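Enquirer: Build me a model from this:
(one chain, ligands or ions: 4)
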Amino acid sequence: GRGRFSYYDATASADSARGYALERELPRAVAEQQLVLHFQPKVRLNDCRIMGFEALVRWQHPEYGLIHPGEFIASAEATGAIRALGDWVLKACCRQVAAWRALGLDTVPIAFNVSPVQLRDGAFAERLAAHIADHGIAPSDLMMEITESCLIEPRALALSVLEQVRDMGVSIGLDDFGTGFSSLSQIKDLPIDTLKLDRSFVNDIRSSSEAGVIVTSVITLAHNLKMRVVAEGVELMDQLVYLKTAGCDEAQGYFLSRPVGAHAAEEMLRAAYLH
Ligand code: C2E
Ligand code: CA
Ligand code: CA
Ligand code: CA
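Expert: Numbering: from 1, shown residues only. Ligands and ions are numbered 1, 2, ... in the order given. Here you go, the predicted model:
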């Protein structure tokens, strides 16, 4: 329905029982503080300085343990529960920046992910501004990661929300770049500061010379369009070296650090550099 489709797989009945339970319980989980954020550092390739963190939501479920977003975001988008979840994520990011500030730490921007559903709300930017003000932080303490799917359907509405967010001083990154249909020439007029190169490209960098060529030219083009480039999913030293040589600005991935809890992120922030 509503332009989406899904497959029904009878062999996955145990899975779908769990999926159904999760879908039903999510609204209460948001209200009862069962969600937590983990943070993955974004590291500058020149010197391994931590330039930011990406906030990734997890659900600390009383019965199932720690659940990753792959299991509940899509259904939350379908039911609309993503609005409350997304709002919780915004507040939790603001709270984290404020807490680090209160400790006198030199903070770096925390990036939050948004679903297209959230950007269909014309008051999104207003609410974001209110959360920022309530927590006494600066707009530049946050960054918003969108995917290309945020730019389809009511495109004019999404664009106006993006413009408002950027005008207020929150920077914007385009996530999973390379997996969608947009080319750089199509996104050059969007209010985007950073391109996040999808993991699939990074994966193939060393095994396929075509992937390497594509990555290198995307980086060059993005720089010409005044965008920074962050590589996602860096798992190997080789990939890091390749990206650095290709002029990529920052990287994220298990090779550098997995997403970690707030305390471990705080330790990283104190050190300012990784390793
Ligand atoms: P994403 O925004 O593309 O986030 C990157 C995902 O890749 C994260 O998975 C992260 O843990 C994982 N990752 C990081 N480095 C590596 C690596 O080196 N190798 C591999 N294989 N994976 C790596 P996670 O946390 O399970 O999140 C999955 C997706 O769920 C995210 O993809 C994002 O689309 C969505 N998501 C996460 N948090 C939120 C949220 O607060 N709101 C919304 N709307 N979506 C969220
Ligand atoms: Ca992301
Ligand atoms: Ca991504
Ligand atoms: Ca993704």
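Enquirer: In space, not sequence, find me the middle residue of this protein.
Expert: The chain has Asn113 as the residue nearest its centroid, 3.9 Å off, counting by CA atoms, centre = their mean.
Enquirer: Report the separation between the residue lying closest to it once chain neighbours are set aside and Leu56.
Expert: Of all residues not flanking Asn113 in the chain, Glu145 sits nearest, at 4.9 Å (CB to CB, 6 or more residues apart in numbering). All C-beta spots, glycine's among them, are computed from the backbone N, C-alpha and C. To Leu56, Glu145 is 10 Å away according to CB to CB, to the nearest Å.
Enquirer: The two - which one has more neighbours?
Expert: Glu145 (20 against 17; other CB atoms under 10 Å).
Enquirer: check contacts around that one.
Expert: Counting by CB atoms under 8 Å, 6 or more residues apart in numbering, Glu145 touches Glu54, Ala111, Phe112, Asn113, Val114, Ile172, Gly173, Leu174, Asp175, Lys196.
Enquirer: change it to 10 Å
Expert: Glu145 is in contact with 54-55, 111-114, 171-176, 194, 196, 230, counting by CB atoms under 10 Å, 6 or more residues apart in numbering.
Enquirer: Which secondary structure state is assigned to the closest residue to Phe177 other than its chain neighbours?
Expert: Excluding its sequence neighbours, the residue lying closest to Phe177 (CB to CB, 6+ apart) is Leu195, at 4.8 Å. Three-state call for Leu195 (DSSP: H, G, I helix; E, B strand; the rest coil): strand.
Enquirer: what's the average pLDDT for the strand ranked longest in the chain?
Expert: For the chain, the strand that runs over the most residues, judged by DSSP state E, is strand 50-61. The pLDDT scores in strand 50-61 average 98.
Enquirer: buried set for that strand?
Expert: Buried residues in strand 50-61, counted by 16 or more other CB atoms under 10 Å: Ile50, Met51, Gly52, Phe53, Glu54, Ala55, Leu56, Val57, Arg58, Trp59, His61.
Enquirer: Was I right to think the second one contacts Val108?
Expert: Yes: using CB atoms under 10 Å, Met51 is in contact with Val108, at 5.9 Å.
Enquirer: Return every residue with contacts to both of these two.
Expert: Common neighbours of Met51 and Val108 (CB under 10 Å, 6+ apart) are Pro41, Lys42.
Enquirer: how about the residues of the stretch 101-250 of the chain near ligand 1?
Expert: Neighbours of ligand 1 within the stretch 101-250 of the chain, by CB under 6 Å from any ligand atom: Phe112, Asn113, Val114, Ser115, Glu145, Asp175, Asp176, Arg199, Gly233, Val234, Glu235.
Enquirer: Isn't the third one up against Leu151?
Expert: Which is Val114. No: using CB under 10 Å, Val114 is not in contact with Leu151, being 12.0 Å away.
Enquirer: unless I'm mixing things up, the residue nearest to Phe177 is touching Leu174, no?
Expert: Yes: counting by CB under 10 Å, Leu174 is a contact partner of Leu195 at 5.5 Å.
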